[in-house]
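one predicted model, sequence on top.
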Amino acid sequence: MATEKQGNRALSEEELQDLVSSSDSGARNPVGNVGLFLAIVAVIWSLFQVILASPVSNLLLPGSVVNNSRQIHLAFAMFLAFAAYPALKSSPRDYIPIQDWIMSLAGVFLALYGYIFYEKIVNSGGLADNTDKWFALAGLILLFEAARRALGPAMAIIAIVFMLYVFFGASPWVPEVIRWKGASLQKAMSHMWITSEGVFGIALGVSTKFVFLFVLFGALLDKAGAGNYFIKMAFGALGHLKGGPAKAAVVGSAATGLISGSSIANVVTTGTFTIPLMKRVGFSSEQAGSVEVASSVNGQIMPPVMGAAAFLMVEYVGISYVEVITHAFLPATISYIALVYIVHLEAVKRNMPILGNRVVSMGKTIGGMAAFFAGFALLCYGVQYPVKAVVAMMPGASGLVLSALVVLAYVVLLWLAAGVDDLVPDDPNAEEVELPVVGEIYKAGLYYLLPIIVLVYFLMIEQKSPGLSAYWATSLLFVILLTQKPLKAIFRGQTNMLETFKSGVSDLWQGLIDGARNMIGIALATATAGVIVGTVTLTGVGQVMADLVEFLSGGNLILMLVMVGLLSLLLGMGLPTTANYIVVSSLMAGVVVELGAQSGLIVPLIAVHLFVFYFGIMADVTPPVGLASFAAAAVSGGDAIKTGFIAFFYSLRTVALPFVFIFNTDLLLIDVTWVQGILVFIMATIAILVFTAGTMGWFLTKNRIYESVALILIAFALFRPDFLMNRIQPPYLQIEPAELVQRLDKAKPGRELRMVVSGPDFDSGQIKETTLVLTVGPEATGQERVEAMGLMLLDEEGIVKLDEPMFGTPVSADLESFDFYADTPVQIATVSVPSDQMPKELMYIPALILLGLVVMLQRGRASREGEPA
């Protein structure tokens, strides 16, 4: 929107920072004592969260504070929201009006209501009384207003619609398919504000326990200077290549994604340098902005730090954070590889010039970068061995010794950094652009990698909680910010120790403020989204949504996934990624799993959550409300809508990948061996590059139409070899249900069989089907194996009926939605046992042969036409 007002001119640095602050951290910045007071509140919030995450929080904080930390977290967010975000565009920005002070203090009191009156609420059984309900209602109204200011009107409007549904769901004007009995004000307020089912539910708990520390970690790492270091390293490695500034923007934005959880801040941080240089080598304003948007938005899907949604997945899916980032790793990596390739193809198509006068081969560059990332990964992995040795030698003092070794490594790396000049941001509009030389600048920021290594080590090797891992990494950043400048001064023989120490304290102070202000919107988003989650649990609308989506999609899984993707995009036009993910996953994740089972496809829950997450981040790109696209257009001076459409085209692989990994969970590294994982990575990388070439219309030279079609088909075959193999040789053989026990007598333990169960739905009475995947157990006989699964069979004239399984047996949860006492019996419709299918990987061979033919065709044509291949 900024671009419309500015007539498509690029905004100044001051205007860009105002754009980021107005969307991410609040545009109001009072001066004088009031400004200092708000800064102190922000710093106290940050320090409170650091102490809360520490291993000694129970010693430093009263138990009541730890137990009610969600209320305190929201109280800080509410206070700062009314103080930092003006009510209207015309509201003052240099001071806080009296009404905002009143709402700030009221917000604090109402957020802390459950903490202040804890004893009274416990004595009433955790339910709201007549007094509580009015305070709770006031709290919700203030929360919605705070969310409107910080996140825009969409979040508040959606939450209000859900609240209206809670109260008026029984009204005749509500469509019958979603009608419910409604709730009283007392019951609704108790559910939404007093208990942990609504506002103070899982989402706000994740924001309190995990997300704040990661946002603070990013703010402090950026304040230390890591952002500029990553950008310079990316430009030093890639800037001299054809289309180099765009390639550097992709890699730099991926690295900056570690620091910034906001796609808008990521666009502005890296884009102010990368976009002018991209325009310089031949990218249009819109293309330059689009590359930055696509790479910045994808920073949110890049492990090990994936934004708030990753931590919510831990709670919603019930798996560890390590498993979440393991499943997310491959799609995110190949997505970035594809984006670099998109940029390369654009540069080759336009025969763009290179920047600077250095000539370095593409092979050496790729080899060097691969070696760096492999070395960094090995370092993170290898650290565990010396750590184990230290713990074994001195178990009592190992903590102190390891801390001393980290400090020693930091001092040595800082000594290396002191030997070169400090890095300062370059001017992308300078007449002569001097690209940094990696061999000369890498020493200047190697110590920035230490906090990241500590974070990855605790997350991946020690497998500590995300909150504790971020605590240790953040603690190291406290040390770095306070000491990096004084120690450099000592190593350089300078005497301005006091000034450098004051500068470090100032950096730490500002980092603590930035971390808190960046959290306002996330805290409010998770709290407000709790209203939607609370509505789902109170009304049961989730099951209604399942029936509605099944009706609209006709039971077709692909059509249903398209609808879920469109819903994510639609909601994301006004919601931040985190809130969008909470809303759509709460409503639709279970629906996809259930309808997938009815279609015979067993979809892991993590695959559905990642599907929703991917489409949620795409909303930041997609017009007409793609906020990241508007931010990029503000930097480039291009048209925001056109930038959004081009960015969406560049992000096609991010749209396609979720559909692929729903049907081929090998891409999420689910149940694969190391060898299979490596093969899947290689083939998926080839597939995404081939898909990119097919959709871009250029491979080694300009594609003919049939070549583009062939490339897309090759990509499909490499992504879904199972689809082709299943057409040649079905994976399962169907047997008569009556033969089940006899087959199980002979089956080897560990084999899987699929069973389609048909019967009346408990709620609607309609006949439905679901697919069960059952693993053959170690029991001796087929009958024992059937009983171990929880199946109670009754064979009547060839029809195998089912009795209700005992609670807690393997199949009880899958069959609980059937009515076992209706006139129509629940029965086994079909049973399928695994066939001796050939390995699906054989399908790679014809796909690669066809790819070789396309390469030969294009090489011959390119050499005849004299084009660069």
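Yes, it's here. Residues are numbered from 1 along each chain as shown.

please state the offset of stretch 511-529 from the chain centre?
How far stretch 511-529 lies from its chain's middle: 16 Å, per CA atoms, centre = their mean, to the nearest Å.

quick check: buried residues in that stretch?
511-529 (16 or more other CB atoms under 10 Å). The C-beta positions use only the backbone N, C-alpha and C, and glycine is treated the same way.

helices - which of these land there?
Among the buried residues of stretch 511-529, DSSP state H puts 511-529 in helices.

just for the stretch 651-800 of the chain, where's the confidence low?
Of all residues in the stretch 651-800 of the chain, none has pLDDT under 70.

quick one: the strands in it?
Counting by DSSP state E, counting those that start in this stretch, one finds strands in the stretch 651-800 of the chain at the ranges 732-735, 752-760, 767-775, 792-796, 799-803.

the residue nearest to Val655 when sequence neighbours are not counted and Ser651, how far apart?
Distances taken as CB to CB, 6 or more residues apart in numbering place Met618 nearest to Val655, at 6.5 Å, with adjacent residues excluded. Between Met618 and Ser651 the computed distance is 6 Å (CB to CB, to the nearest Å).

now the common contact residues for the two.
Here Met618 and Ser651 share the contacting residues Val297, scored by CB atoms under 8 Å, 6 or more residues apart in numbering.

for the nearest residue to Gly244 once chain neighbours are set aside, give me its contacts.
Of all residues beyond its chain neighbours, the one nearest Gly244 is Leu238 (5.2 Å), with distances taken as CB to CB, 6+ apart. Neighbouring residues of Leu238 by CB under 8 Å, 6+ apart: 244, 247-248, 251, 365.

the residue nearest to Val655 reaches Leu652, doesn't it?
No: no contact is recorded between Met618 and Leu652 when judged using CB atoms under 8 Å, the distance being 10.2 Å.

more neighbours, the two?
Neighbour tally, Met618 and Leu652, criterion other CB atoms under 10 Å: the higher count belongs to Met618, 25 against 16.

the more buried one and Phe611, how far apart?
The value you get for Met618 to Phe611, if CB to CB is used, is 11 Å.

ok, so what distance separates the residue nearest to Gly244 from Thr256?
Taking CB to CB as the measure, Leu238 and Thr256 are separated by 15 Å.

just Ala81 next, same as before
According to CB to CB, Ala81 stands 26 Å off from Thr256.

Leu791 now?
53 Å.

neighbour count winner among those two?
Taking neighbours as other CB under 10 Å, Leu791 and Thr256 compare with Thr256 leading, 27 against 23.

residues touching that one, list them.
Thr256 makes contacts with 227, 230-231, 266, 269-270, 296, 299, as judged by CB under 8 Å, 6+ apart.

so which of those is the most crowded?
With neighbours taken as other CB under 10 Å, the top of the contacts of Thr256 is Ser296, carrying 34 neighbours.

what sits against that residue?
253, 256-257, 263, 266-267, 270-271, 628, 632.

Val383: which of those residues is nearest?
Gly257 (22.8 Å; CB to CB).

ends of stretch 533-549, how far apart?
End-to-end distance of stretch 533-549 (CA to CA, to the nearest Å): 18 Å.

buried stuff in it?
By neighbour count on 16+ other CB under 10 Å, the buried set for stretch 533-549 is 533-536, 538-539, 541-549.

and the residues you listed, which is closest to Met352?
When the buried residues of stretch 533-549 are compared for distance to Met352 (CB to CB), Val549 wins out at 45.9 Å.

list the contacts for that closest one?
Residues counted as contacts of Val549 (CB under 8 Å, 6+ apart) are 560, 563-564, 588, 591, 595.

please apply the same query to Ala822.
Going by CB under 8 Å, 6+ apart, the list of residues near Ala822 reads 759-760, 765.

which one of those sits closest to Arg751?
Gly759 (25.7 Å).

give me the nearest residue to that closest one, chain neighbours excluded.
That would be Val826: by CB to CB, 6+ apart, it lies 3.2 Å from Gly759.

confidence score at the one you found?
For Val826, the pLDDT comes out at 91.

surely it and Lys801 touch.
Yes: the pair Val826 and Lys801 passes the contact test of CB under 8 Å, sitting 6.8 Å apart.

which of these two has more neighbours?
More neighbours surround Val826 than the other of Val826 and Lys801, with 19 against 16 (other CB under 10 Å).

distance of that one relative to Val564?
Applying CB to CB, the value for Val826 to Val564 is 29 Å.

got it, and Ile490?
58 Å.

please identify which of these two sits among more neighbours.
Per other CB under 10 Å, whichever of Ile490 and Val564 has more neighbours is Val564, with 24 against 15.

pretty sure that one contacts Phe615?
Yes: look at Val564 against Phe615 with CB under 8 Å: they come within range, at 7.4 Å.

still on that earlier bit, so which of the contacts of Leu238 comes closest to Gly282?
Nearest to Gly282 out of these is Gly244 (CB to CB; 11.5 Å).

show me what contacts that closest one?
Going by CB under 8 Å, 6+ apart, Gly244 touches 235, 238, 281, 354-355, 435.

if I look at it, how far off is Val343?
9 Å.

kindly report the same for Tyr447.
Look at Tyr447 and Val343: by CB to CB, they are 30 Å apart.

what's in contact with the host helix or strand of Ile160?
Taking DSSP states H and E as the criterion, Ile160 maps to helix 153-168. Residues from elsewhere that reach helix 153-168 (CB under 8 Å, 6+ apart): 140, 144-145, 147-148, 174, 178, 182-183, 185, 188, 192, 524-525, 528-529, 531-532, 535, 538-539, 541, 571, 573-576, 579, 583.

among those residues, which are in helices?
Judged by DSSP H, the contacts of helix 153-168 include 140, 144-145, 147-148, 185, 188, 524-525, 528-529, 531-532, 535, 538-539, 541, 571, 579, 583 as members of helices.

re earlier: ramachandran angles for the residue nearest to Gly244?
The phi/psi pair for Leu238 (degrees, to the nearest 10) reads phi -120, psi -20.

need the contact partners of the helix or strand harbouring Ile452.
In this structure, Ile452 sits in helix 449-456 according to DSSP H and E. Among residues not part of helix 449-456, those counted as contacts by CB under 8 Å, 6+ apart are 217, 221, 258, 304-305, 376, 379-380, 383, 406, 409-410, 413, 469-470, 472-474, 476-477, 480.

ok, then the element right after that helix?
Following helix 449-456 in sequence, per DSSP H and E, is helix 466-491.

how far does the helix holding Ile452 sit from the chain's center?
Counting by CA atoms, centre = their mean, helix 449-456 is centred 20 Å from the centre of its parent chain.

so that helix versus helix 466-491, what angle?
160 degrees (axes from the mean of the first three to the mean of the last three CA atoms, to 10 degrees).
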